[in-house]
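Colleague: The following comprises the amino acid sequence and a computationally predicted model.
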Amino acid sequence: VEEWENRISKKYKIGAGKVVSVLGDFSPQICALFFALMIKKTIIVPFTHIIKSEISELKDIAKVQYQFSFTKDQTWSFEDFNQNESNDLIAKFREKELPGLVVFTSGSTGEKKGILHDCERVMKKFVNKRAGWKTVLFLMMDHFGGFNTFLSAFAYEGMAVCIDERKPETVCRVIEQSSANLLPTSPTFLNLLIASKCYKYFNLSSIKLITYGTEVMTESTLQKTREIFPDARIKQTYGLSELGVVRSRSKGNSSLMIKIGGSGFETKIIDNILWIRSESNMIGYLNADNPIDADGWMCTDDHVEVEGEYIKLIGRTSDLINVGGQKVFPSEVENILLQDDNIREATVFGVKHPLMGWIIHSKVSLYQPEERKDISERLRKFCIDKLPKFKIPVKFIIEKESNQHNDRFKKIRRFE
């Protein structure tokens, strides 16, 4: 960290309030650089190589002035973009002389939004001492959840385990070699791990906690995860890039019910939609109106079922499919399909229909090959006593798993 502090201030003359992007993936060097940039009160913009085609657009939104770029072998380079123009929100934030963080989200609109955070607010939740973990840095560093995981690993005097790729076999190997005991991940990755069966060939007994978030978990995937990791606690997390990662507690290893809130966070439910007020919320969007109201509340657009102090996440408003006036959330259909013995992965989405408005289609990947006609007929019969007719897909498309999720292991649900 001290070496990077010297480079930043003495060699490159980067002062407080400057906008600095870091391109790469978690590594000891990048972790040290992040801390040095925060100490020097710069505004950090993390980028990963998987978004290389978008970086030019994102740099323009944040008005990035400098960039440190890292290759896989940790060779690094520095660029000065001679950028004197400033984003209005960042210019105002500079007056506070605090370290900042910019992450990007596309939300339900598909348009990239830059989110500015005050790093002091983000780190406030880590002040109280908690147990340290050997944490796999699975979530990427340009994702708010990934940056939050990075901070918690160091704040609690744990160990950050860096990985150079996020394939099931690689993650299993890293867990075995490092004796990592915490795996923060997504339901989609857990399902890929289950389908790969590579967990059978590695010693994963060191894992004591699995946290999952970013999308809705199905009951079938949760059950299979419990079978693979019988000694691990499985905890659902909740967070938004705009609000931070909320304290959470799952009702139990076999339950999808979750209690969220705690110090620094408040919640309320209006018409089965979750609203949150957070002390660690963003400063604002760099290129869009602020969705947080005058009282500090933000509508998450997440539909929930309520059971006492606990809620169950059903899906985002943007995921909702309206079939002839009937509401269908993709996760409830995917949960049934994944119970079939030959289904490795399933992704449900809506297709426009002249009479019904929308109808249900599903992409599926298989363990064993089947004829397209046979799989459609068989799966419709499989669903008929488990789902109302309007929720049963009218078409099944045999598709590779890799075409059903993005590089962040989140389902791709583009309605057609």
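Modeller: Yes, it's here.

Colleague: and Ser248, what element?
Modeller: Using DSSP states H and E, Ser248 falls within strand 244-250.

Colleague: Which residues does that strand contact?
Modeller: By CB atoms under 8 Å, 6 or more residues apart in numbering, the residues outside strand 244-250 that reach it are 117, 121-122, 125, 144-145, 148, 234-239, 257-265, 267, 276, 278, 280-281. No exception for glycine: its C-beta is placed from N, CA and C like everyone else's.

Colleague: and if you look at stretch 68-87?
Modeller: Here stretch 68-87 makes contact (CB under 8 Å, 6+ apart) with 12, 19-25, 27, 29-30, 33, 59, 61-67, 114, 164, 286-287.

Colleague: Tell me the gap between that stretch and the middle of its chain.
Modeller: Mean-position distance between stretch 68-87 and its chain equals 25 Å (CA atoms, centre = their mean, to the nearest Å).

Colleague: Next: stretch 297-311.
Modeller: Taking CA atoms, centre = their mean, one finds the center of stretch 297-311 at 18 Å from the center of the full chain.

Colleague: Name the residues of that stretch that come out as buried.
Modeller: By 16 or more other CB atoms under 10 Å, the buried positions in stretch 297-311 come out as 297-298, 300-304, 310-311.

Colleague: Now do that stretch: everything it contacts.
Modeller: Looking at what lies outside stretch 297-311 - CB under 8 Å, 6+ apart - the contacts are 108, 240, 242-243, 251, 257-260, 268-270, 272-278, 281, 291-292, 312-318, 320, 329.

Colleague: what about dumping the CA coordinates of that stretch to CSV?
Modeller: Backbone C-alpha positions of stretch 297-311 (Å, rounded to 0.1, in the frame of the first residue of the first chain) are rendered in CSV as follows:
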residue,chain,number,x,y,z
TRP,A,297,-36.5,5.9,0.7
MET,A,298,-35.9,4.0,-2.5
CYS,A,299,-38.2,1.6,-4.2
THR,A,300,-36.3,-1.5,-5.1
ASP,A,301,-38.9,-2.9,-7.5
ASP,A,302,-38.5,-6.3,-5.8
HIS,A,303,-41.8,-8.2,-5.3
VAL,A,304,-41.9,-10.0,-1.9
GLU,A,305,-44.1,-12.3,0.1
VAL,A,306,-44.2,-11.4,3.8
GLU,A,307,-44.2,-13.9,6.7
GLY,A,308,-43.8,-12.1,10.0
GLU,A,309,-40.4,-10.5,10.2
TYR,A,310,-39.2,-12.4,7.1
ILE,A,311,-39.7,-11.8,3.4
